[in-house]
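> fold the stuff below for me.
(4 chains)
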There are 2 protein chains.
Amino acid sequence: MPRRTPSEPSLPESELDVLRILWDRGQGTVREVLQVAKEAGLPWSYATVATLLDRLEAKGMVASDRSELAFLYRPTIDAQEVRRKRVNHLVEKLYEGEPGLLVMHLLKTHSLDPEQAKQVRSLLDGLAAETKTSRPPR
Amino acid sequence: MPRRTPSEPSLPESELDVLRILWDRGQGTVREVLQVAKEAGLPWSYATVATLLDRLEAKGMVASDRSELAFLYRPTIDAQEVRRKRVNHLVEKLYEGEPGLLVMHLLKTHSLDPEQAKQVRSLLDGLAAETKTSRPPR
DNA sequence: GACGTTGTGCGACACTTGTCTTAGGATACA
DNA sequence: TGTATCCTAAGACAAGTGTCGCACAACGTC
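Take a look at the predicted model:
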């Protein structure tokens, strides 16, 4: 009846929002994060941001430097890591575990600008080559 | 202080799990869904599944045929719709609104099998062509 | 050193999500 | 028809999330 304890800490939307702000600026105080959040249209109060940062710190996703009056928070997990997890989860749950399906969905639904298209193509070529020489891609 | 009412109904993980089962089989009773869920390793009880289906119905995401003893549930939103939303959200929140970045992430991180690679390539070519003739991609 | 300003600490509260229990109606069958 | 089954209805309840309020400490300044 209670919910099973997750092995990994969760990362709810609002916490992700503040994390994104920290990733962007490298670090920030409560007030600074609040400022950016407001500009981004989030209707948060000071206390809300403080709570979110607290919770993130409790989960070890940010660390704080408390030597100054206003604590300075800094992310301790990187965006890439979070992206990886989210993408994997998405692929698992909605693309039958087939990243290729997601790629195709993306290409069908959104048009890449030529520059990106080129990059994608060369990436594709690179991988094909690696596959031939049986070296696993990075 | 209360949370603002979301314009769209949410779709929590566990509800998505039962939805996926329904997408898979087209329809199902509580017991059938439970059965599949168990096989997939979910430790749910009968009542849990019933609750989840109730909630989904309340949100209009499934409909039920109540003419038989055991209600028959059927999804009323399709997987593609949910995929679209999730992908957009992911791109917004973690890929700066740039689908291309996600595509590249996927290609770098996972190797497509040759068949898919081929498909991707031709998709890419198709889109390039369409762009040239200034027709918006689908 | 009193006062306004800015910070943190701590708690609070409603709504959501994950999970079940239990009562009571229908069905099936000995 | 009595009894075991299976179903749905209605709650219940804990933990997670979204959002603060407020008391109290530090600081800056006249």
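> low pLDDT regions in chain A?
A:127-138 (pLDDT under 70).
> ok, residue A:45 - contacts?
By Cβ atoms under 8 Å, 6 or more residues apart in numbering or on different chains, the contact set of residue A:45 is residue A:34. Backbone N, C-alpha and C define where each C-beta goes, glycine included.
> if you set the cut-off to 10 Å instead, what comes out?
Residues near residue A:45 by Cβ atoms under 10 Å, 6 or more residues apart in numbering or on different chains: A:34, A:38, A:51, B:1.
> restrict those residues to those near DNA strand C?
With Cβ under 7 Å from any atom of the strand as the criterion, the contacts of residue A:45 include A:51, B:1 near DNA strand C.
> most neighbours among the contacts of residue A:45, which one?
Sorting the contacts of residue A:45 by how many neighbours each has (other Cβ atoms under 10 Å in any protein chain shown) puts residue A:34 first, at 21 neighbours.
> contact residues of chain A facing DNA strand D?
A:1-3, A:5-6, A:10, A:12-15, A:43-45, A:47-48, A:50-52, A:69.
> try 6 Å this time
A:2-3, A:10, A:12-15, A:43-45, A:47-48, A:51-52, A:69 (Cβ under 6 Å from any atom of the strand).
> can you pick the most crowded of those?
Neighbour max across the residues of chain A next to DNA strand D (other Cβ under 10 Å) = residue A:52, 23 neighbours.
> can you pull the buried residues of the helix or strand harbouring residue A:89?
Per DSSP states H and E, residue A:89 falls inside helix A:79-94. Buried residues in helix A:79-94, counted by 16 or more other Cβ atoms under 10 Å in any protein chain shown: A:82, A:83, A:86, A:87, A:90, A:91, A:93, A:94.
> export the residues you listed to JSON lines and tack on distance to residue B:56?
Output for the buried residues of helix A:79-94, formatted as JSON lines (distance: Cβ to Cβ, whole Å):
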{"residue": "A:82", "distance to residue B:56": "28"}
{"residue": "A:83", "distance to residue B:56": "29"}
{"residue": "A:86", "distance to residue B:56": "23"}
{"residue": "A:87", "distance to residue B:56": "25"}
{"residue": "A:90", "distance to residue B:56": "20"}
{"residue": "A:91", "distance to residue B:56": "23"}
{"residue": "A:93", "distance to residue B:56": "16"}
{"residue": "A:94", "distance to residue B:56": "16"}
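> nearest to DNA strand C among the residues you listed?
residue A:93 (11.9 Å; Cβ to the nearest atom of the strand).
> ok, the helix or strand harbouring residue A:21 near DNA strand C or not?
Residue A:21 is located in helix A:13-25, with elements delineated by DSSP H and E. No - Helix A:13-25 lies out of reach of DNA strand C by Cβ under 6 Å from any atom of the strand, never closer than 10.0 Å.
> what parts of chain A come near DNA strand C?
Neighbours of DNA strand C within chain A, by Cβ under 6 Å from any atom of the strand: A:1, A:3, A:4, A:29, A:30, A:31, A:47, A:50, A:51, A:69, A:70, A:71.
> please redo it, this time with the cut-off set to 7 Å
Counting by Cβ under 7 Å from any atom of the strand, chain A sits next to DNA strand C at A:1-4, A:29-31, A:46-47, A:50-51, A:54, A:69-71.
> pull the most distant pair out of those.
A:1 and A:69 (45.3 Å; Cβ to Cβ).
> in chain A, which spans are strands?
A:62-65, A:72-75 (DSSP state E).
> name the residues that touch the first one?
Right, strand A:62-65. Residues from elsewhere that reach strand A:62-65 (Cβ under 10 Å, 6+ apart): A:15, A:18-19, A:22, A:27-29, A:52-57, A:71-77.
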